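>>> My questions concern the predicted model and sequence given below.
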Amino acid sequence: MSRAPLPYNPKILELFKNPKNLGKMEDASVSAVAGNPMCGDMITFYLKISDEGVIEKASFESYGCAANIATSSIVTEMVKGMKLEDAWKVSYKSVAEAVGGLPTVKFHCGILAVGALKRALRKYFEKTGASPSWLQKEPSFEEKQALEEEQLAKMLEKRMKAAEGKQC
Amino acid sequence: MNHEIGTVQPIKEAVEIVQDKNKETVFHTDASDAYGKVPFDVQDLDVDMATVSSYKILGPRGMGCLYVKEGVELERILEGQIGTQRLWPGVENTPLIVGFTKASELIFQDFEENLGRMKKLRDKLVDGITSRVADIELNGPVGARRAPDNANISFLRCEGEALTIELSLSGVYVSSGSACSRRLLQPSHVLVAIGKKFDQAHGSILMKVSRVHTEEDINYALEVIPKAVDRIRGITGSTGAE
């Protein structure tokens, strides 16, 4: 068990204390999830997108740590008012920079937040049937990482269940 | 004694089982968490070695004590200039030894009375949380098999690291078995080993009372904890609820 809180900077603590754009969006155009409760990190991302392809509103819910909450909050602020093409360009690096830096072990939180955003954007285009030229076919780095984290948690869960079976 | 969930292990019986199989086996117990909280006698337990730690009884960090039964020979793991003691090179850290000695004196002053008080405060904390917060689970045993200072509770739909940070902002310092609060990013192996699911481990909080805590401190914690859990659960929202 860790006894010392991680060295979060004041900006992360402020976003953790007062997260922006928190909560389920009832009129969202699209929502997407990254992570799962097994990982101990899970984000739901909601976007309201205008007919002109601009993000009018973004919100999130997070079952995650302080860094997860802070990075999710800042991603919603970053993409609000952006064209979808520009929102797609948001990277985990720019998110880490925007929160004033993350402890090394917390980089994956920023990656997961951007992973949820990119999944939501991809899902939106799947829904509308549009296929803009800038939308890469291959999963982005953040989408791949989110998938990897989810698969790892599932693998650990399976291993745990197998161990339980043996004990019985 | 388990550091996370406070289980008092039947060490004497374990020694008997091991001795029964092989008399040559050297039995070491990490008694760091038991020292000053559960009365024990190394000779009565019949262990070959026992470790106790200074910081666990509010002494200085970086100091501990190893009991070695007469006749048990230890090998050095570090070589160098060997001084008055034989186990490692260098000289003793006298200030830490003095600090540890003083802490030991203090922890055993009014020992029985302090244990009773710690247990009462711990029970007040656990009962208070149970009556104020929904969807929680006490991890580890209840009754005499549990250390008097230990409370370990899983708050469901509430990520543990976020909760430790939230509580620390109000001056309540606890730790979590959540993967996120650990540098290894894996949930507490102890909670997983006793059959807890990952999400139960992620929402677990370890709280310990000490002889310096007062009823006022517990009342304050009971005021702060439900609000903190509510806020973090508010951030969780519908995430993960399928």
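Noted; the coordinates are in hand.
>>> pretty sure A:E61 is touching B:T239, no?
Yes. Assessed by CB atoms under 8 Å, A:E61 is found in contact with B:T239 at 4.2 Å. (C-beta placed from N, C-alpha, C; glycine too.)
>>> who has more neighbours, these two?
Regarding A:E61 and B:T239, a neighbour count based on other CB atoms under 10 Å in any protein chain shown identifies A:E61 as having more, with 27 against 23.
>>> List phi and psi for that one.
phi -130, psi 150 (degrees, to the nearest 10).
>>> Next: B:N152.
Note on B:N152: backbone dihedrals following degrees, to the nearest 10 are phi -130, psi 110.
>>> That one and B:I205 touch, don't they?
Yes. With contact defined as CB under 8 Å, B:N152 reaches B:I205; the gap is 7.2 Å.
>>> Do a quick rundown of the helices in the chain.
Since no chain was named, I'll use chain A. Using DSSP state H, the helices of chain A run over A:10-17, A:66-79, A:84-88, A:92-98, A:107-128, A:141-167.
>>> wrong one, chain B
Ranges of helices in chain B, per DSSP H, are B:11-21, B:42-45, B:94-107, B:111-132, B:160-169, B:189-193, B:198-202, B:215-236.
>>> worst-scoring helix or strand of the chain, pLDDT-wise?
Since no chain was named, I'll use chain A. The helix or strand of chain A with the poorest confidence is helix A:141-167; it has a mean of 79 (mean pLDDT, DSSP states H and E).
>>> nope, chain B
Here the helix or strand of chain B ranked lowest by mean pLDDT, DSSP H and E is helix B:198-202, holding a mean of 82.
>>> Overlap in contacts, A:E61 and B:T239.
The contact sets of A:E61 and B:T239 overlap at A:I43, A:T44 (CB atoms under 8 Å, 6 or more residues apart in numbering or on different chains).
>>> who in chain B is up against chain A?
Within chain B, the residues that sit near chain A (CB under 8 Å from any CB of the partner chain) are B:3-4, B:157, B:159-162, B:164-166, B:168-169, B:173, B:175-183, B:185-188, B:192, B:195, B:198-199, B:201-202, B:206, B:234-240.
>>> Under the pLDDT cut-off, which ranges of chain B? List them.
For chain B, applying pLDDT under 70 flags the ranges B:84, B:179-185, B:241-242.
>>> What parts of chain A come near chain B?
Contacts of chain A with chain B, taken as CB under 8 Å from any CB, map to A:1-3, A:5-6, A:8, A:13, A:16-17, A:19, A:22-24, A:33, A:36-44, A:61-69, A:105, A:108, A:153, A:156-157, A:160, A:164.
>>> Show the buried residues in these.
In the residues of chain A next to chain B, burial by neighbour count holds for A:1-2, A:5-6, A:8, A:13, A:16, A:19, A:22, A:33, A:36-44, A:61-69, A:108, A:153, A:156, A:160, counting by 16 or more other CB atoms under 10 Å in any protein chain shown.
>>> and the gap between B:I129 and B:A221?
B:I129 sits 9 Å away from B:A221, taking CB to CB, to the nearest Å as the criterion.
>>> Ok, B:Q109 next?
Taking CB to CB, one finds B:Q109 at 25 Å from B:A221.
>>> more crowded one of these two?
B:A221 (24 against 10).
>>> residues touching that one, list them.
Counting by CB under 8 Å, 6+ apart, B:A221 makes contact with B:L125, B:V172, B:M207.
>>> mind running it again at 7 Å?
B:L125, B:V172 (CB atoms under 7 Å, 6 or more residues apart in numbering or on different chains).
>>> Residue ranges in chain A under the pLDDT threshold?
A:1-6, A:161, A:163-168.
>>> Quickly note the distance from the spatially most central residue of it to A:V33.
Taking CA atoms, centre = their mean as the criterion, A:A113 is the residue nearest the geometric centre of chain A, at 2.0 Å. As judged by CB to CB, A:A113 and A:V33 stand 12 Å apart.
>>> related to what we said a few turns ago, buried deepest among the helices of chain A, which one?
Mean neighbour count (mean count of other CB atoms under 10 Å in any protein chain shown) peaks for helix A:66-79 among the helices of chain A, with a mean of 26.
>>> Let me know the angle separating it from helix B:215-236.
40 degrees (axes from the mean of the first three to the mean of the last three CA atoms, to 10 degrees).
>>> Specify the angle between helix A:66-79 and helix A:107-128 in degrees.
Using the same axes, to 10 degrees: helix A:66-79 against helix A:107-128 is 40 degrees.
>>> returning to what we had before: want to try JSON lines for the helices of chain A, with distance to B:P95 as columns?
Compiled in JSON lines, the helices of chain A are given as follows (distance: least, CB to CB, whole Å):
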{"stretch": "helix A:10-17", "distance to B:P95": "35"}
{"stretch": "helix A:66-79", "distance to B:P95": "36"}
{"stretch": "helix A:84-88", "distance to B:P95": "58"}
{"stretch": "helix A:92-98", "distance to B:P95": "41"}
{"stretch": "helix A:107-128", "distance to B:P95": "39"}
{"stretch": "helix A:141-167", "distance to B:P95": "44"}
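>>> Any idea which of the helices of chain B gets closest to B:I57?
Among the helices of chain B, helix B:94-107 comes nearest to B:I57, with 4.5 Å by CB to CB.
>>> what's in contact with the closest one?
With contacts defined as CB under 7 Å, 6+ apart, helix B:94-107 is touched by B:G36, B:S54, B:I57, B:L58, B:G59, B:P60, B:G62, B:M63, B:R211.
>>> how near is B:R61 to B:Y55?
Separation of B:R61 from B:Y55 (CB to CB): 4 Å.
>>> My error: substitute A:G100 in the last question.
For A:G100, the distance to B:Y55 - CB to CB - is 32 Å.
>>> Also A:L117?
Separation of A:L117 from B:Y55 (CB to CB): 43 Å.
>>> what do you get for B:N139?
23 Å.
>>> Those two - which one has more neighbours?
It is B:N139, of B:N139 and B:Y55, that has more neighbours when counted by other CB under 10 Å, with 25 against 16.
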